[in-house]
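In: After the sequence you'll find the predicted model.
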Amino acid sequence: MIEIKGVSKKFKDKTVIHNLDLSINEGEFYALIGPNGAGKSTLIKLLSGLLQPTKGEILLNGINIVGEPKEAKALIGYIPDEPTVWDGMTGLEFMNFVGALYNMPASEREKDIKKLLKIYNLSGTENQLYQDYSRGVRQKYSILAALLHNPKVLLIDEPIVGLDPISIDITKNILDVFVKEGGTVLMVTHTLFVAQELATRIGIFEKGKLKIEGTYKELVDKAHLPTKTSLDDVYKNYLAK
Amino acid sequence: MSESFGLLLSYPGQVIKRYLAREKFTRIFAISILLIIILFVSISIYATTVGGLNFISRDIELRDSLYFYIIQLFYLLVFILSYANSILVIASSFGRKSHQWIMATPSFSLMAFLNLFQLLISSLWIFLAVIIPVLIGIAQFMEVGTLALFLSFILTTSLIIIGSTVGVLSYMLSFYILKYFSNLLGRNIVSQSLVIILLLISSVLMVALFWRIAIPQDFVKFFDGNYILQIQTMKEQLIYLPTFGIAQVLHDILFCSNIFGTSYTLIFTTLTIALLGLSYVLLKKNYLLIWQLLQEGSYITTQNNAKIAVHRSYNFPYTNAVHTIIDKELLLIWRDKKNVLWFMIVIGLWLAQTAVSWRVTSNANNYGEGYIFPNFIFALILAIGLYFISALTLRFVFPTFSAERKVSWILGVAPISPWNIAVGKLLIYTALFLFIGTPILIANFVILGFAFFPALLYWIVFSLSIILIVLLAIFLSIKYPNRFSSDPETLSTTLPGLAFTTLALGGSIIIANIMYLVLSNVDLAVLLVLLITVLNLLLTSLTYRASEKFEYAGEIIA
């Protein structure tokens, strides 16, 4: 579903992603972890079309994100690390605006939005302005907006920042169901317990390169650590090497 | 605290140093081009001033009283603009949540200094580009010495500072009036929007006062008799203006070679320093309280409960991407009270100018029907119109792509190209400005008795120029997006912002000058229409190419 072929990204003279090759299949949940400044968010932004690669190509379902951006972007749902929306919009307006951008007819949107708002119990907040929302409510709206047009791929940059424990469980459930229904997820995160619980494959990213990847079990085995070692410790072990 | 001040004062220097740290040659080249453009605009303003004075000087009977009247109006306008700018800057500062981290430190009162500094700089930079050439033009024309020119600079700087500080003090006064009523009512009614409404009411009263006093009941009588009598009549009427005294000193210095102006300048400078000091002390003392109460946002606090304001949501009924962007722009302009205030101020000033046209014409008609105004008046009306359009474009269109930096994840990820977004913005702002500008322009022409055919030509040029100005802003915004700020006030003072201002104002002056010549040579109009159309096509193509390379995120986010 996601194919990254020899992708590099340079900002002026600074290379942030180095010749990266990565393939993520349909129905797979890939978690990318790594230290601050490793280039994880840049990679997500390249995949979502917010940035253009300096070299290489990115294919989503065989569609090149640079060559056919509209077709490729129609497949993506993106959840940013900072869920900033125009202060003067209400939550409902934001959802409708996003739906309209994805060519969803208004009548279809209305039903879907109602259904989605119930997931986080947001009904009743939809006509308030964004400036009055807490960080957590904004995050919930950005998650729901990403799901509105039934994307095939979810690109997530830190999904649970600002969420309360119950909302974290709901979010994990949403992602789990999404993958089980055939969706593909690429998630960048520092909250490793979520990656350990949900990811079918985990990659450790450092200095713009994929240092190592595999299932959680494979990572534990390759590091010669006891079976029940947390991903937190596995990660620290790899970075120390 | 003193360390914080040191850091703050060294900040502009650091910004310049950092700006020149990379691509030094290109950036020095860009700055040089900008300086050349500013110089070009300044020379144009200088030439227009000298040309205008030359034109007036031909009328021996009226010239001296006209000089006096123009100086009075010039200073009144500078005062009003400084006042309005000051209120916008201070209101935006209190509404900004990004300063929370400074407000949480013990150095929170630093913000008072920062705001005062910011609003003075934002008012004074116009002084460099626009007012200095005017003053030099007058000084050269009247052949006054360096001392007189220097005194006129000091006096005008003082006026701008006075206008800005009066704005700050008015803002605080409005706040405390609302706070007083809050105490009386037993519930908090203080909000940014109410403070602004109160200021708007006082501004309307100020304009009404200006209308009553500065626009004489009978212009013909105003300019009747010899110049001593004329000036005496004007003085009797204009003496109530807040800027009368300071404008009188400037007039005496520049037009009467009155070196006694030195002592008056000293008095006004002292008054300015005292007013500035007072504003700083009061702002510093009250900053935290004002900030805290205004940060309560749209929470409507009652005695027993607090609830959040609920709005009627718009459902974006169309699935066409460009249409959706147009709807979004309109919705956000409407929802942001500061935007509405901006539109109201510009439209208000434009209508005030139209009202002056009406007053002058009706007055002239009292002395015989069919008074024919000189051609330059129509070109001036066009220039004023394009100036207002440039001001609106600088505030709303130019910052557009940079201001959406933080929300770029919505637009950048959606299946809509930056080109479609640019087209949406071009359509909505062109339509909006035409919708506002056309009736006002036509009203001016009808009032002043402009013939149909030349008026139509003027309107065509006006409409094409709106497209040109909006396109220029969109092109600069998409070509040079700012990754550091999303604040329209800050963005308008960046290098591309200054480039837009100088190009838009310079272009407007050139277009108005050509249109002045058109009245004696119609062929020029066809050439001008062709030229603007070609420029529009060129800018469209450049914008399209820039949109293809546009990246929503930048290094700073990555």
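Out: Yes, it's here.
In: Could I get the buried residue list for the helix or strand in which B:Phe453 is found?
Out: If you go by DSSP states H and E, B:Phe453 is part of helix B:452-479. Within helix B:452-479, the residues that count as buried by 16 or more other C-beta atoms under 10 Å in any protein chain shown are B:454-455, B:457-459, B:461-479. Every residue, glycine included, has its C-beta placed from N, CA and C.
In: quick one, phi/psi of A:Lys5?
Out: phi -120, psi 110 (degrees, to the nearest 10).
In: residues touching it, list them.
Out: The contact partners of A:Lys5, by C-beta atoms under 8 Å, 6 or more residues apart in numbering or on different chains, come to A:Asp21, A:Gly56, A:Glu57, A:Ile58, A:Leu59.
In: Which residues does it form beta bridges with?
Out: Applying DSSP bridges to A:Lys5 gives these bridge partners: A:Glu57.
In: what's the residue in the stretch 251-400 of chain B positioned nearest to chain A in contact with, if anything?
Out: Ranking the residues of the stretch 251-400 of chain B by distance to chain A (C-beta to the nearest C-beta) places B:Arg335 first, at 3.2 Å. Counting by C-beta under 8 Å, 6+ apart, B:Arg335 touches A:Gly88, A:Met89, A:Leu129, B:His311.
In: which residues touch the closest residue in space to B:Pro454 that isn't next to it in sequence?
Out: Spatial nearest neighbour of B:Pro454, excluding adjacent residues (C-beta to C-beta, 6 or more residues apart in numbering or on different chains): B:Leu519 at 6.1 Å. The neighbours of B:Leu519, taking C-beta under 8 Å, 6+ apart as the test, are B:Asn375, B:Phe378, B:Pro454.
In: surely B:Thr501 meets B:Ser492?
Out: Yes: if you go by C-beta atoms under 8 Å, B:Thr501 and B:Ser492 touch, sitting 7.2 Å apart.
In: anything in contact with each of the two?
Out: Jointly contacting B:Thr501 and B:Ser492 under the rule C-beta under 8 Å, 6+ apart are B:Leu394.
In: The two: which is more packed in?
Out: Higher neighbour count among B:Thr501 and B:Ser492: B:Thr501, with 24 against 19, using other C-beta atoms under 10 Å in any protein chain shown.
In: Off-centre distance for the helix or strand hosting B:Val134?
Out: For B:Val134, the host element (DSSP H and E) is helix B:132-142. The chain centroid and the centroid of helix B:132-142 are separated by 22 Å, computed with C-alpha atoms, centre = their mean, to the nearest Å.
In: Mark which of the contacts of A:Lys5 are buried, thanks.
Out: By 16+ other C-beta under 10 Å, these give A:Gly56, A:Ile58, A:Leu59 as buried.
In: Take those and write them to TSV, including pLDDT.
Out: Formatted as TSV, those follow (pLDDT from 0 to 100):
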residue	pLDDT
A:Gly56	94
A:Ile58	94
A:Leu59	94
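In: can you list those in a markdown table and add distance to B:Pro317?
Out: Below are the buried ones among the contacts of A:Lys5 laid out as a markdown table (distance: C-beta to C-beta, whole Å):
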| residue | distance to B:Pro317 |
| --- | --- |
| A:Gly56 | 40 |
| A:Ile58 | 34 |
| A:Leu59 | 34 |
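In: and which of the residues you listed is nearest to B:His99?
Out: The shortest approach to B:His99 among the buried ones among the contacts of A:Lys5 belongs to A:Ile58, at 38.7 Å (C-beta to C-beta).
In: number of nearby residues for residue 241?
Out: Here I'm looking at chain A. Burial of A:Lys241 is recorded as 7 neighbouring residues (other C-beta under 10 Å).
In: meant chain B, my bad for not saying
Out: 19.
In: so what's it scoring on pLDDT?
Out: B:Leu241 is assigned 79 on the pLDDT scale.
In: do B:Ser2 as well
Out: Reported pLDDT for B:Ser2: 61.
In: What is the neighbour count of whichever residue of chain A sits closest to chain B?
Out: Closest residue of chain A to chain B, C-beta to the nearest C-beta: A:Gly88 (3.2 Å). Applying other C-beta under 10 Å, we find 19 residues neighbouring A:Gly88.
In: For it, which residues are in contact?
Out: A:Leu129, A:Tyr130, A:Gln131, B:Leu331, B:Leu332, B:Arg335, B:Asp336.
In: before we move on, what SS does the nearest residue to the last one once chain neighbours are set aside have?
Out: Across the structure, with C-beta to C-beta, 6+ apart as the measure, the residue nearest B:Asp336 apart from its sequence neighbours is A:Gly88 (5.2 Å). Of the three states, A:Gly88 takes coil under DSSP: H, G, I helix; E, B strand; the rest coil.
In: ok, so what distance separates A:Gly88 from B:Leu394?
Out: Relative to B:Leu394, A:Gly88 is positioned 20 Å away (C-beta to C-beta, to the nearest Å).
In: So which residues make contact with the biggest helix by length in chain A?
Out: In chain A, with assignment by DSSP state H, the single longest helix is helix A:165-180. Residues from elsewhere that reach helix A:165-180 (C-beta under 8 Å, 6+ apart): A:27-29, A:119-120, A:136, A:140, A:143, A:147, A:154, A:156, A:159-160, A:163, A:185, A:187, A:194, A:197-198, A:200.
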